[in-house]
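Enquirer: Just to be clear, the model below is a prediction. Sequence and coordinates:
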Amino acid sequence: MTRVRRAGIGMLGLGIAYFLWYVPYSALAKAMSSGLFPVTHGPIGGVVLLPAAALGMLCAMPVTLTALRWWKYARRRSWRGLSLPWPGRETAMSAFWMALIVGTTTLNFTFPGVSILLMLVLMRIETLVLSPSVDLVRRRKIHRYSLVALGFSALSAVVALSDVDNYLLTLGAVASLSGYLAGYTGRFLIMSRHAKTGDLARDRRYFVEEHMTTPVLLLALLALPALIGQGATMQALRDGFSTFLATPAALPAFAIGVCYEGLFVFTTLIFLDRREYSFCMPVHVCSSLLAGVAASFALTASYGTAPPSAAQFAAAGCVILAAFSLAYPAIRAKLAASTTRERVLLFVCGGNAVRSPMAAAVARAELAGAGVRGWAVRSAGVSVADPGGGVSPRAAEALRELDIPVPAHSARPLTRRMCAESTTVYCMTRAHRAAAVAMAPELSDRIVCLDPGEDVREPTGSRVSYADCARRIRELVRRRVRESLACYPALPVSGG
């Protein structure tokens, strides 16, 4: 249950590392497909490059996970006496979508007639419009900042695509961009359900299992049509697995995959950051677009290629504005939180009579026992049937058995303002979290489940059931309080 906080400098560091890997990755893909390297003896098609790039990623993957010492987070399966790391069903499916992203991203930079920056603009437009598009399909409310972001994205697309004299977008490029969007749609849906929980072990398990499975699935997806070998595309894949690997050009193609392995690490860490989720997209967008600019000018300086057009730079600027429009509510909430003189832990259940008052009582006792000042503890419910009511007698009895003072309590319904004033909102169940997030979607990064792995259900009525629930809540709250104290320094309070 340990949770790690990434501060602003942490996210900045991830963004810089992502940028540093993306520059050589995109430059290598474009240079090889354009025939700029002497060893290539002319342009090499993106489909031919893919097998060598996938092999490079496969070889770099175990080095990465070994250097991180994260193999231990993967689930295991026994085979002939060996305990092997093995993905779960959800991470295997996420790896399938990620393999689609890896393949299409590499292809996108190899199409003739389009610049690195133009393809990055189009890819980032797709990821920016993904979330509000899903909301529209599910008939959720679209907030003004999302509409502004959509407007900037649409403007970027118009600016980029109207610059017809500086690009040639083929049907193959359109199909690859469509595959890229499909990959991110599938991956984000799985990631939102099975990761980004704040549970360090769970998030790292997702990272490792997706990471170790993606290059294997990518090679399988490429090998199957190569074995069939019918048509120009399948024959190109077969060439990529055979004759091309015996040429000197295979080494820089291999390096493309190694570079993608590096950026894969950092883009995944960016998106797995729970508390900074609203800042994930701006970091992702800005780092990659700046990398596209740097790669483009590096090729211009080294080989005299044409730089991106002014319209493409303008389109990239619109994409960055769209990204920060999406982040506006979270930035505003973060700035407001930074000005408060008090940290607040808010516990949420249904009726605010049993679980959340017990959790609040435990948290107060833990903070008092640690001698910590500058923190407030509150509780509320998403479906309070008896506003103003006290703690359930059974819950009060369970607290006394644990030598935890029973607080004076008045049940109250959860409000958006309570969420906004809280440092972290701990919900007893996923349904409670969903209700709180629906009330304040821009604060979703601070609204979490007390136990990300399993709901804390209401006790059934017996004294033993209440006692068991109280003991479980005590253990969970103790962990969460320790995490909060590690994440946030104690604040000074007035009055000595």
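Expert: That came through, no problem. Residues are numbered from 1 along each chain as shown.
Enquirer: Find the centremost residue of the chain, please.
Expert: The centroid of the chain falls nearest to F271 when counting by C-alpha atoms, centre = their mean (1.9 Å).
Enquirer: C419 versus that one, what's the distance?
Expert: Distance, F271 to C419, using C-beta to C-beta, to the nearest Å: 23 Å. (C-beta placed from N, C-alpha, C; glycine too.)
Enquirer: R378 now?
Expert: Applying C-beta to C-beta, the value for R378 to C419 is 11 Å.
Enquirer: Looking at the two, which has the bigger crowd around it?
Expert: C419 (24 against 17; other C-beta atoms under 10 Å).
Enquirer: Just give the nearest non-adjacent residue to the more buried one, would you?
Expert: What sits nearest to C419 in space, not counting adjacent residues and going by C-beta to C-beta, 6 or more residues apart in numbering, is A440, at 4.4 Å.
Enquirer: in this structure, which spans are strands?
Expert: 76-79, 82-85, 343-349, 375-381, 424-427, 447-449 (DSSP state E).
Enquirer: To A60, which of those strands lies closest?
Expert: Relative to A60, the nearest member of the strands of the chain by C-beta to C-beta is strand 82-85, separated by 16.5 Å.
Enquirer: ok so, going back, I'd like the strands of the chain as CSV, with mean pLDDT and distance to P387 appended.
Expert: Listed next are those as CSV, based on pLDDT from 0 to 100; distance: least, C-beta to C-beta, whole Å:
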stretch, mean pLDDT, distance to P387
strand 76-79, 91, 50
strand 82-85, 92, 51
strand 343-349, 94, 14
strand 375-381, 94, 9
strand 424-427, 95, 19
strand 447-449, 91, 22
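Enquirer: among the ones you listed, which is nearest S33?
Expert: Closest among the strands of the chain, once you apply C-beta to C-beta, is strand 82-85, at 34.4 Å.
Enquirer: Can you pull the residues that touch both of R378 and C419?
Expert: Counting by C-beta atoms under 8 Å, 6 or more residues apart in numbering, the common neighbours of R378 and C419 are L346.
Enquirer: Low-confidence stretches in the stretch 51-200 of the chain?
Expert: 131-143, 197-199 (pLDDT under 70).
Enquirer: Now do the helices in it.
Expert: 89-108, 116-137, 144-161, 171-194, 200-228 (DSSP state H, counting those that start in this stretch).
Enquirer: Repeat that for the stretch 301-450 of the chain.
Expert: Under DSSP H, counting those that start in this stretch, the stretch 301-450 of the chain gives helices at 310-338, 355-369, 393-401, 416-421, 430-439.
Enquirer: Which positions in the fourth one come out as buried?
Expert: Taking 16 or more other C-beta atoms under 10 Å as the basis for neighbour counts, the residues of helix 416-421 that come out buried are 418-421.
Enquirer: What sits closest to G42 if chain neighbours are left out?
Expert: Setting aside the residues directly before and after it, G42 is nearest to G35 in space (C-beta to C-beta, 6+ apart), at 4.5 Å.
Enquirer: Let me see the confidence value for the one you found.
Expert: Here the pLDDT value assigned to G35 is 93.
Enquirer: Could I get the phi/psi values of it?
Expert: phi 70, psi 30 (degrees, to the nearest 10).
Enquirer: Enumerate every residue touching it.
Expert: Neighbouring residues of G35 by C-beta under 8 Å, 6+ apart: 41-44.
Enquirer: at 10 Å what do you get?
Expert: 41-44, 249, 303 (C-beta atoms under 10 Å, 6 or more residues apart in numbering).
Enquirer: and which of those residues is nearest M93?
Expert: Nearest to M93, judged by C-beta to C-beta, of those is I44 at 31.9 Å.
Enquirer: was I right about R474 contacting L450?
Expert: No: counting by C-beta atoms under 10 Å, R474 stays clear of L450, with 11.3 Å between them.
Enquirer: May I see the buried residues of stretch 15-29?
Expert: Buried residues in stretch 15-29 (16+ other C-beta under 10 Å): 15, 17-29.
Enquirer: Reformat those residues as JSON lines; add pLDDT and distance to F313.
Expert: JSON lines is the format used below for the buried residues of stretch 15-29 (pLDDT from 0 to 100; distance: C-beta to C-beta, whole Å):
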{"residue": "G15", "pLDDT": "84", "distance to F313": "20"}
{"residue": "A17", "pLDDT": "91", "distance to F313": "24"}
{"residue": "Y18", "pLDDT": "93", "distance to F313": "20"}
{"residue": "F19", "pLDDT": "93", "distance to F313": "17"}
{"residue": "L20", "pLDDT": "95", "distance to F313": "21"}
{"residue": "W21", "pLDDT": "97", "distance to F313": "22"}
{"residue": "Y22", "pLDDT": "97", "distance to F313": "17"}
{"residue": "V23", "pLDDT": "96", "distance to F313": "17"}
{"residue": "P24", "pLDDT": "97", "distance to F313": "21"}
{"residue": "Y25", "pLDDT": "97", "distance to F313": "21"}
{"residue": "S26", "pLDDT": "96", "distance to F313": "16"}
{"residue": "A27", "pLDDT": "96", "distance to F313": "18"}
{"residue": "L28", "pLDDT": "96", "distance to F313": "22"}
{"residue": "A29", "pLDDT": "96", "distance to F313": "21"}
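Enquirer: Restricted to helices, list those.
Expert: Cross-referencing those against helices under DSSP state H gives 15, 17-29.
Enquirer: Return the member of those nearest to R193.
Expert: Y18 (24.1 Å).
Enquirer: For M212, find the nearest of the helices of the stretch 301-450 of the chain.
Expert: For the helices of the stretch 301-450 of the chain, proximity to M212 was assessed by C-beta to C-beta; helix 430-439 is nearest, at 27.7 Å.
Enquirer: Who are the packing partners of the closest one?
Expert: Under the contact criterion of 3 or more C-beta pairs under 10 Å, 6 or more residues apart in numbering; DSSP states H and E, helix 430-439 touches strand 343-349, strand 375-381, helix 416-421, strand 424-427, strand 447-449.
Enquirer: what's in contact with the third one?
Expert: With C-beta under 10 Å, 6+ apart as the contact definition, helix 416-421 has outside contacts at 332-333, 336-337, 340, 342, 344, 346, 348, 376, 378-380, 412, 415, 425, 436-437, 439-444, 446-447.
Enquirer: export it as CSV, just CAs?
Expert: Output of helix 416-421 as CSV, limited to C-alpha atoms (Å, rounded to 0.1, in the frame of the first residue of the first chain):
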residue,chain,number,x,y,z
ARG,A,416,-17.7,19.5,-3.8
ARG,A,417,-16.3,22.2,-1.5
MET,A,418,-15.3,19.5,1.0
CYS,A,419,-13.3,17.7,-1.7
ALA,A,420,-11.7,21.0,-2.8
GLU,A,421,-10.6,21.9,0.7
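Enquirer: Any idea how far it is from the middle of the chain?
Expert: Offset of helix 416-421 from its chain centre (C-alpha atoms, centre = their mean, to the nearest Å): 24 Å.
Enquirer: For the helices of the stretch 301-450 of the chain, give me TSV that also has mean pLDDT and distance to V481.
Expert: TSV is the format used below for those (pLDDT from 0 to 100; distance: least, C-beta to C-beta, whole Å):
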stretch	mean pLDDT	distance to V481
helix 310-338	77	18
helix 355-369	94	5
helix 393-401	94	16
helix 416-421	90	18
helix 430-439	89	19
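Enquirer: now these as CSV including distance to R69?
Expert: Below are those laid out as CSV (distance: least, C-beta to C-beta, whole Å):
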stretch, distance to R69
helix 310-338, 32
helix 355-369, 31
helix 393-401, 41
helix 416-421, 37
helix 430-439, 31
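Enquirer: what's the pLDDT at Y206?
Expert: 95.
Enquirer: Tell me how many other residues crowd the closest residue to it other than its chain neighbours.
Expert: Sequence neighbours aside, A195 is the residue nearest to Y206 in space, at 3.9 Å (criterion: C-beta to C-beta, 6+ apart). Applying other C-beta under 10 Å, we find 24 residues neighbouring A195.
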